[in-house]
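Student: Need the 3D shape of this:
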Amino acid sequence: MTKVRTILMAGATMLLATGLATQVPTAAFAADAAVRIPAPIVDVPATPKLETAIFAGGCFWGVQGVYAHVKGVKSAVSGYAGGSRQTARYELVGGGDTGHAEAVKVVYDPRVISYGKLLQIFFSVVADPTTLNYQGPDHGSQYRSAIFPMNPQQRAVAASYIAQLGKARAWNRPIVTRIEPLPAFYVAEGYHQDFLTLKPDNPYIVANDLPKVEALKALFPAQYSPKPVLVGRG
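Tutor: The predicted structure follows:
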């Protein structure tokens with residue numbers, strides 16, 4: 001756990017203990033904080049087989065927690081992408097110099113949810129694409145927003161969508177989300193998996209990640225599933 005995340009959790013715990021929990025984001029706050037953006041003009045055609053997408057958008061607890069609640073997602077696994085096998089460990093990645101980003105591998109049924117819709121959820125709910133090497137309270141290159149395409153079609157759709165959103169001026173600042181090659185994806189330690197679902201009262205989750213799930217429910221009701229998929233359970 002990074003120093004910033006530790007400090008934030010301690011502060012949130014104090015708020016809860018002192019009865020000032022109203023300062024913790026609520027469902028209404030989440031809906032306001034999320035961004036309504038258009039769907040991609042270009043998308044990957046549906047296929048009858050399961051596909052994989054990999055996204056990095058800050059702490060993987062929240063990224064995984066959101067995609068676990070998306071209809072058509074068969075699994076969402078927290079891990080590391082962008083660096084080597086030797087450095088794919090939390091205590092090393094936390095230093096910010098391994099090349100890794102905290103990322104989530106999403107296996108999905110493209111007949112239910114398209115790659116483009118997953119991208120729309122990513123940019124609208126999961127991550128702020130205008131902050132370079134940080135998301136919310138977490139700073140460092142390991143918290144960058146990045147997309148790791150699995151094939152040329154995904155790369156083309158991601159690049160087209162970023163250009164589309166930039167042209168639409170969906171944000172006041174430029175999009176800095178990177179499209180990166182994927183050497184490999186390394187599954188994170190077991191205690192990181194399903195963290196949001198298993199520890200919904202954790203102060204960090206309450207302050208930063210539950211609002212994202214509420215925003216998903218508010219902005220994408222047709223794609224929201226109240227029952228999350230859990231690692232190893234499908």
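Student: Helix, strand or coil: sort out Val112 for me.
Tutor: coil (DSSP: H, G, I helix; E, B strand; the rest coil).
Student: For the residue nearest to it when sequence neighbours are not counted, which residues are in contact?
Tutor: With sequence-adjacent residues excluded and distances taken as CB to CB, 6 or more residues apart in numbering, Val112 is closest to Gly72, at 3.0 Å. (Glycine included, C-beta is placed from N, CA and C.) Counting by CB atoms under 8 Å, 6 or more residues apart in numbering, Gly72 touches Tyr108, Asp109, Pro110, Arg111, Val112, Ile113, Gln223.
Student: Am I right that Lys212 falls within a helix?
Tutor: Yes. Lys212 sits within a helix when classified using three-state DSSP.
Student: Please work out how many residues are found near it.
Tutor: 28 (other CB atoms under 10 Å).
Student: Which pLDDT value does the model give the residue nearest to the spatial centre of the chain?
Tutor: The chain has Val63 as the residue nearest its centroid, 2.7 Å off, counting by CA atoms, centre = their mean. Model confidence at Val63, given as pLDDT, is 98.
Student: Report the secondary structure state of it.
Tutor: Classified using three-state DSSP, Val63 is helix.
Student: Kindly provide the distance from it to Ala156.
Tutor: 23 Å (CB to CB, to the nearest Å).
Student: cool, and Tyr67?
Tutor: For Tyr67, the distance to Ala156 - CB to CB - is 22 Å.
Student: more crowded one of those two?
Tutor: Tyr67 (29 against 14).
Student: Not counting its neighbours along the chain, what's nearest Asp43?
Tutor: Gly116 (3.5 Å).
Student: Could you grab the helix/strand/coil label for that neighbour?
Tutor: helix.
Student: How about Gln153?
Tutor: helix.
Student: That one against Val42, yeah?
Tutor: No. Taking contacts as CB atoms under 8 Å, Gln153 lies outside contact range of Val42: 9.7 Å.
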